[in-house]
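Undergrad: fold the following.
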Amino acid sequence: MKQDKYSFGRALRPFSFPVALITCLVGIVSASEQPGFSYPLALLIILGALLLQAGVNLINDHADLQHLKNSIARGRVVRNFRLGLSFFLLAATIGIYLISYAGLGLLVLLLAGLAGALGYTVEPVNFKRRGLAVVLVFWLMGVLMVCGSYYILAGELSWLVFWRSVPVSLISSLLLLANEIRDVESDRDTGIRTLTVRIGIDRARKLYLLLLLSVVAVASVLWIADAITGVWWLVSVPLIWLLYKQQQGSAGRASLPPASGRFFMLFGLLYCLSL
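TA: Residues are numbered from 1 along each chain as shown. Next up is the predicted model:
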């Protein structure tokens, strides 16, 4: 296995940062018309979410330790894990302040998010090893982020905001799946049974396409139902064909995660304009 997989830059996975940014923005924009809306608080929410995203990314490879023999690679995994925990601590500090503002109801949401983040790769839960990471990310870095951001600013939960969260939550899962598709050979060789390893690369590609099409389908239904008011997000739809073609070959798979991240950013910003 290549050691650079565990370098700080690779482990940080900056291509995934649109997940935290866009999911929070969906919740923030949905709450922007509420009385007492606070822009400084909104910025603090985004900062906390980015720290949480960085922490999740950095601890992601911790489960690989039991399969690694190279001491340099093992050292990098341990270092990244410790840095990830430090990011969690910073995010928790912001979370404590937000709880003092929004109340104990937020504490329940944050504890659920923290439990999911730690269980992502830490034993004995290890959702990644069990092939459940794609599902977990939908809730943890999708629905929970959108609804939590809205709750902090609006002081309540909303079914409307829940349904608005579904398209960007699907792309959160899609982005994780893109990472699994890229790393399928190395994960298989080291015994890391991600969803893509379990179902095979061909089915994973079909699932990737299904998630892409589901994003468009759900957004269309929300527009028809007046849950969102605009169709700016349609501008990003032509990229779906490019992403589908890119993940067909090994060369394209290598850059599939950052390409998926760029799609997430474009779709997400246009989607926020459509709210």
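Undergrad: all contacts plus neighbour counts: C-alpha atoms, from now on.
TA: Noted.
Undergrad: what distance do you get for T196 to L21?
TA: According to Cα to Cα, to the nearest Å, T196 and L21 sit 26 Å apart.
Undergrad: cool, A133 as well?
TA: As for A133, its distance to L21 is 20 Å (criterion: Cα to Cα).
Undergrad: who has more neighbours, these two?
TA: Taking neighbours as other Cα atoms under 10 Å, A133 and L21 compare with A133 leading, 23 against 20.
Undergrad: quick check: phi and psi on the more buried one?
TA: With angles defined as degrees, to the nearest 10, A133 sits at phi -60, psi -40.
Undergrad: which SSE is immediately downstream of whichever helix or strand L44 is part of?
TA: According to DSSP states H and E, L44 maps onto helix 39-59. Downstream of helix 39-59, the first helix or strand assigned by DSSP H and E is helix 71-102.
Undergrad: surely R193 is in contact with D187?
TA: Yes: look at R193 against D187 with Cα atoms under 8 Å: they come within range, at 6.9 Å.
Undergrad: now the helices for the chain?
TA: Ranges of helices in the chain, per DSSP state H, are 8-12, 17-31, 39-59, 71-102, 104-119, 133-138, 144-154, 159-182, 184-189, 195-199, 201-224, 239-246, 250-254, 256-274.
Undergrad: nearest to W233, out of the ones you listed?
TA: helix 256-274 (4.7 Å; Cα to Cα).
Undergrad: can you list contacts of that closest one?
TA: Residues from elsewhere that reach helix 256-274, judged by Cα atoms under 8 Å, 6 or more residues apart in numbering: 15-19, 22-23, 25-26, 29, 168, 171, 174-176, 178-179, 182, 228-233, 235-236, 239, 243, 246-247.
Undergrad: report the angle between it and helix 201-224.
TA: Relative orientation of helix 256-274 versus helix 201-224 (axes from the mean of the first three to the mean of the last three Cα atoms, to 10 degrees): 10 degrees.
Undergrad: tilt between helix 256-274 and helix 239-246?
TA: 170 degrees.
Undergrad: so what angle separates the directions of helix 256-274 and helix 17-31?
TA: 10 degrees.
Undergrad: what packs against the helix holding L44?
TA: Applying 3 or more Cα pairs under 8 Å, 6 or more residues apart in numbering; DSSP states H and E, we find helix 39-59 packed against helix 8-12, helix 17-31, helix 71-102, helix 144-154.
Undergrad: let's see 6 Å
TA: Under the contact criterion of 3 or more Cα pairs under 6 Å, 6 or more residues apart in numbering; DSSP states H and E, helix 39-59 touches helix 8-12, helix 71-102.
Undergrad: least reliable of the ones you listed going by mean pLDDT?
TA: Here those differ in mean pLDDT, and the lowest is helix 8-12 at a mean of 83.
Undergrad: can I get the CA coordinates of it in CSV?
TA: The C-alpha coordinates for helix 8-12 follow below in CSV (Å, rounded to 0.1, in the frame of the first residue of the first chain):
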residue,chain,number,x,y,z
PHE,A,8,-1.7,14.6,6.3
GLY,A,9,-2.9,16.2,3.0
ARG,A,10,-4.4,13.0,1.7
ALA,A,11,-5.9,12.0,5.0
LEU,A,12,-7.5,15.4,5.5
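Undergrad: mind listing residues that contact that helix?
TA: Residues outside helix 8-12 that contact it (Cα atoms under 6 Å, 6 or more residues apart in numbering): 57-58.
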